[in-house]
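Asks: Below: sequence and its predicted model.
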Amino acid sequence: MTNFQSFDPAELAIPQMHQLLVGGIGPRPVCFASTIDEKGRPNLAPFSFFNVFSANPPILIFSPANSGRDGSPKHSYLNAKAHPEVVINIVTESMVQKMNVAAAPWDRGVSEFEMAGFTPLASQQVKPARVAESPVQYECKVIEVKELGSGGGSGNLIICQVLRVHVNQAVMTEDGRINQLALHTVGRLGGHWYSRTGAEHMFELAQPMENPIGYAALPEAVRCSQELTAYEMGQLAHAKTLPSQEAVAAALSQHGKATAQQVQSLLKAGKLDEALALAWSL
């Protein structure tokens, strides 16, 4: 547990600091930002320093960092200051190769819509166009631009308030939600790596709305087990109540002597209460 290498950001070159950040923090969602410059010329660029930060008001933030090579600002940053509107388009796996073409260092004024082969779609409340190929699009006004520095690698927070949301019906559920299994978004990792969100890589984990029993309440034999994984201990710690003596006796009667393998099998089958009762006899 102590075999770590530690780094002081003040002692690192910018490229190494950048790698330690993006290499460890991921997958990061991709913001495909559509902006226009002071002449009305379109720009389209992806950024993985991006996320949602508020629902009331609806706020998205992305950061076009200055070039690490020469310190020059990104066109999206300059455009957001010249014309404070942006459309944030969500990137799916089917879009990612063409998105990467748009990420090339095209000259200012060159339309990445044309260079990467994306279809501009007129927005309803802002001037920048939406990306027709994107299944989820957010029309936004820029409410603040916050520069975090001036050199290469320095971020520029583009704080956006969502004015209108467009969702392709193909990724909508009947109750008006976005179907996560139909969306097929990609995530940015370190280096040249990306991740995908196919059904085989996804799982559901309900947020606890009340306190579970917690890890500290588990029997010492469970907490010190060399066979149960940290993931499985976490599953047991999510139980809402401790098992009763009757439940423990019933579990033993059904399964005989308790073993870690039996507990693991019950957890895989989704039988948390039964697994917990058996775990109390390890």
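Replies: Structure received. Numbers count the residues shown, from 1 in each chain.
Asks: For the stretch 151-282 of the chain, which residues score under the pLDDT cut-off?
Replies: Along the stretch 151-282 of the chain, no part satisfies pLDDT under 70.
Asks: Ok, the stretch 1-150 of the chain next?
Replies: 1.
Asks: if we go to 90?
Replies: Along the stretch 1-150 of the chain, the parts satisfying pLDDT under 90 run over 1-2, 67-71, 150.
Asks: got the residue ranges for the strands in it?
Replies: 28-29, 31-36, 42-47, 50-55, 58-62, 85-90, 120-121, 130-131, 136-147 (DSSP state E, counting those that start in this stretch).
Asks: Just put these in TSV and tack on mean neighbour count.
Replies: All C-beta atoms are positioned from the backbone trio N, CA, C, and that covers glycine. Below are these laid out as TSV (neighbours: other Cβ atoms under 10 Å):
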stretch	mean neighbour count
strand 28-29	18
strand 31-36	27
strand 42-47	23
strand 50-55	13
strand 58-62	20
strand 85-90	26
strand 120-121	16
strand 130-131	26
strand 136-147	18
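Asks: looking at those strands, which is closest to residue 154?
Replies: strand 136-147 (7.1 Å; Cβ to Cβ).
Asks: need the next SSE after the closest one, C-terminal direction.
Replies: With elements assigned by DSSP states H and E, the helix or strand that comes after strand 136-147 is strand 156-167.
Asks: Residues contacting that next one, please?
Replies: 33, 57-66, 73-74, 76-77, 80, 86, 88, 123-126, 130, 135-148, 178 (Cβ atoms under 8 Å, 6 or more residues apart in numbering).
Asks: do that again at 6 Å, thanks
Replies: Strand 156-167 is contacted from outside by 57-64, 77, 80, 86, 124-125, 136-147, using Cβ atoms under 6 Å, 6 or more residues apart in numbering.
Asks: Verify the stated contact: residue 32 with residue 89.
Replies: Yes: at 4.1 Å, residue 32 counts as touching residue 89 under the criterion of Cβ atoms under 6 Å.
Asks: Helix, strand or coil: sort out the most far-flung residue of the chain relative to its centre for me.
Replies: Distance to the chain centre peaks in the chain at residue 253, reaching 44.7 Å (criterion: Cα atoms, centre = their mean). With DSSP: H, G, I helix; E, B strand; the rest coil as the basis, residue 253 sits in helix.
Asks: how far away is it from residue 247?
Replies: Going from residue 253 to residue 247 by Cβ to Cβ, to the nearest Å gives 11 Å.
Asks: now do residue 36
Replies: 64 Å.
Asks: cool, and residue 272?
Replies: For residue 272 relative to residue 247 (Cβ to Cβ), the value is 12 Å.
Asks: What of residue 76?
Replies: In terms of Cβ to Cβ, residue 76 sits 58 Å off from residue 247.
Asks: If you count surrounding residues, which of those two has more?
Replies: residue 76 (24 against 17; other Cβ atoms under 10 Å).
Asks: show me the contacts for that one.
Replies: 33, 35, 45, 64.
Asks: Which residue or residues pair with the residue nearest to residue 83 when sequence neighbours are not counted through a beta bridge?
Replies: Take residue 83 and drop its neighbours on the chain: the residue closest to it by Cβ to Cβ, 6 or more residues apart in numbering is residue 36, 5.3 Å away. Beta bridges link residue 36 to residue 42 when assigned by DSSP bridges.
Asks: Isn't residue 36 up against residue 128?
Replies: Yes: using Cβ under 6 Å, residue 36 is in contact with residue 128, at 5.2 Å.
Asks: how about the helices of the chain, start to end?
Replies: Listed in chain order, the helices of the chain (DSSP state H) span 14-24, 75-82, 96-102, 112-116, 180-183, 220-223, 230-237, 245-255, 260-268, 272-279.
Asks: Most tightly packed of those helices?
Replies: helix 272-279 (a mean of 23; mean count of other Cβ atoms under 10 Å).
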